[in-house]
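[1] Make a model of this:
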Amino acid sequence: MAFNGNLLPCRRLIRETTERRGETGCTTVEKLRGAGAFTKIEPGYSGVTHAYVGPAFYTVPIDGKETAIKAVALCHVDLEKRNQLGLVIVHEGYSGKRLGTFDFSSGLRME
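    So this is what the prediction gives:
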């Protein structure tokens, strides 16, 4: 399986995003989606979001992955509502297989 040139820009984008503070989580998520890190994001009820990752997500170091998933959580979780879990379930974009979870108290846990 050959990948196009979108993998390197995804890595660079995550690094630049962690260095920049004025950018919102939703802006970051849209840029990462454009770079191929996410194929689909399904905001759910009660603060549970499902993020489906693409091939570019696998090229990113683990701390960059956590930053990317945290951006998804910040974009899709209403932090004002106390009853929301703030949980992101990470799935493989093509098979739908569950790869891990993220929450604000534990961080990213890949299975």
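[2] Need phi/psi at the most centrally placed residue in the chain.
    In the chain, the C-alpha nearest the mean C-alpha coordinate belongs to I69, at 2.9 Å (C-alpha atoms, centre = their mean). Phi and psi for I69, reported as degrees, to the nearest 10, are phi -70, psi -30.
[3] Which residue, neighbours along the chain excluded, lies closest to it?
    Spatial nearest neighbour of I69, excluding adjacent residues (C-beta to C-beta, 6 or more residues apart in numbering): F102 at 4.3 Å. In this view, the C-beta of every residue, glycine as well, is placed from N, C-alpha and C.
[4] So for that neighbour, what pLDDT did the model give?
    For F102, the model assigns a pLDDT of 93.
[5] in this protein, which spans are helices?
    Listed in chain order, the helices found in the chain under DSSP state H are 7-19, 25-35, 62-76.
[6] ok, and the closest non-adjacent residue to K40?
    Y52 (4.2 Å).
[7] How confident is the prediction for the one you found, by pLDDT?
    We have a pLDDT of 96 for Y52.
[8] just R109 next, same as before
    On the pLDDT scale, R109 gets 94.
[9] least trustworthy helix or strand in the protein by mean pLDDT?
    None of the helices or strands of the chain scores lower by mean pLDDT, DSSP states H and E than helix 7-19, at a mean of 54.
[10] give me the low-pLDDT residue ranges for the protein?
    1-25, 78-84 (pLDDT under 70).
[11] tally of neighbours for L108?
    By other C-beta atoms under 10 Å, 18 other residues sit near L108.
[12] do the same with I62
    9.
[13] hang on, the earlier thing: please look at the residue nearest to K40 and H91 and confirm they touch.
    Yes. Counting by C-beta atoms under 8 Å, Y52 sits close enough to H91 to count as a contact (4.8 Å).
[14] mind checking how far V29 is from G96?
    19 Å (C-beta to C-beta, to the nearest Å).
[15] Of those two, which one has the most company?
    V29 (23 against 10).
[16] quick one: contacts for the more buried one?
    38, 41, 71-72, 75 (C-beta atoms under 8 Å, 6 or more residues apart in numbering).
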